[in-house]
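Chemist: Provide a 3D model corresponding to the input given below.
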Amino acid sequence: MSRIKLELPQSRQFIFSTSIAPRISDINYGNHLGHDHLITLLHEVRLRFLKEHGFSEFSVAGSSMIMADLAITYQAEVTYGDILTVDIALLDPSRVGCDFFYLVRKKEHQQEVARAKTGIIFFDYRLKKVTRMPDVFAELIKA
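Modeler: Numbers count the residues shown, from 1 in each chain. You can find the predicted model right below:
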């Protein structure tokens with residue numbers, strides 16, 4: 001079986017970090033963080049990043065964001081009580097979007113538990129079409 005490989009960005013490319021604790025409702029029957037709940041935690045982290053820069057998914061200088069794709073690789077189990085550190089890097093900018101790369105680690109020992117990538121594109125809900133990446137967001141990638 002071939003596996004998805006997500007190459008780790010250089011440490012200087014990570015521009016945001018936050019801690020997050022999985023809730024008991026995020027733990028599945030295997031007594032670890034469910035894959036669907038990891039996606040929800042990554043969504044929360046992305047929203048924290050956007051808020052720090054004065055944006056939301058519905059308002060980035062007049063444009064909205066939608067997810068075009070998602071990939072996750074797992075390296076370790078997360079159980080209830082673990083505190084996670086999630087770092088974000090913005091990679092591969094194009095005219096209409098970029099990739100958010102997430103590095104998920106256990107805060108206590110910095111053990112890597114997952115890597116994820118979401119392809120984000122900018123969208124105009126009024127016109128129902130993809131739109132150009134706002135310059136103010138492109139500046140975050142360049143920084």
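
Chemist: so where do the helices sit in the protein?
Modeler: In the chain, the helices defined using DSSP state H lie at 35-52, 135-142.

Chemist: For residue 70, find the nearest of the ones you listed.
Modeler: Of all the helices of the chain, it is helix 35-52 that lies closest to residue 70, at 7.0 Å by C-beta to C-beta. C-beta: built from backbone N, CA, C; applies to glycine.

Chemist: So which residues make contact with the closest one?
Modeler: Helix 35-52 has contacts (C-beta atoms under 8 Å, 6 or more residues apart in numbering) with 16, 18, 20, 22, 25-28, 33, 56-57, 60, 70, 72, 74, 78, 84, 86, 88, 100, 102, 104, 114, 116, 118.

Chemist: of these, buried ones?
Modeler: Buried residues within those, defined by neighbour count using 16 or more other C-beta atoms under 10 Å: 16, 20, 22, 26-27, 33, 60, 72, 74, 78, 84, 86, 88, 100, 102, 104, 114, 116, 118.

Chemist: Now for residue 47, how many residues are close by?
Modeler: Counted by other C-beta atoms under 10 Å, the residues lying close to residue 47 total 13.

Chemist: what does residue 82 give?
Modeler: Residue 82: 18 neighbours (other C-beta under 10 Å).

Chemist: Quick check: closest non-adjacent residue to it.
Modeler: Spatially, and ignoring its direct neighbours in sequence, residue 82 is nearest to residue 106 (5.4 Å; C-beta to C-beta, 6 or more residues apart in numbering).

Chemist: So in terms of bridging, what pairs with that neighbour?
Modeler: In this entry, residue 106 is beta-bridged to residue 84, by DSSP bridges.

Chemist: list the buried ones in stretch 110-117?
Modeler: Within stretch 110-117, the residues that count as buried by 16+ other C-beta under 10 Å are 113-117.

Chemist: From the chain's centroid, how far away is it?
Modeler: 11 Å (C-alpha atoms, centre = their mean, to the nearest Å).
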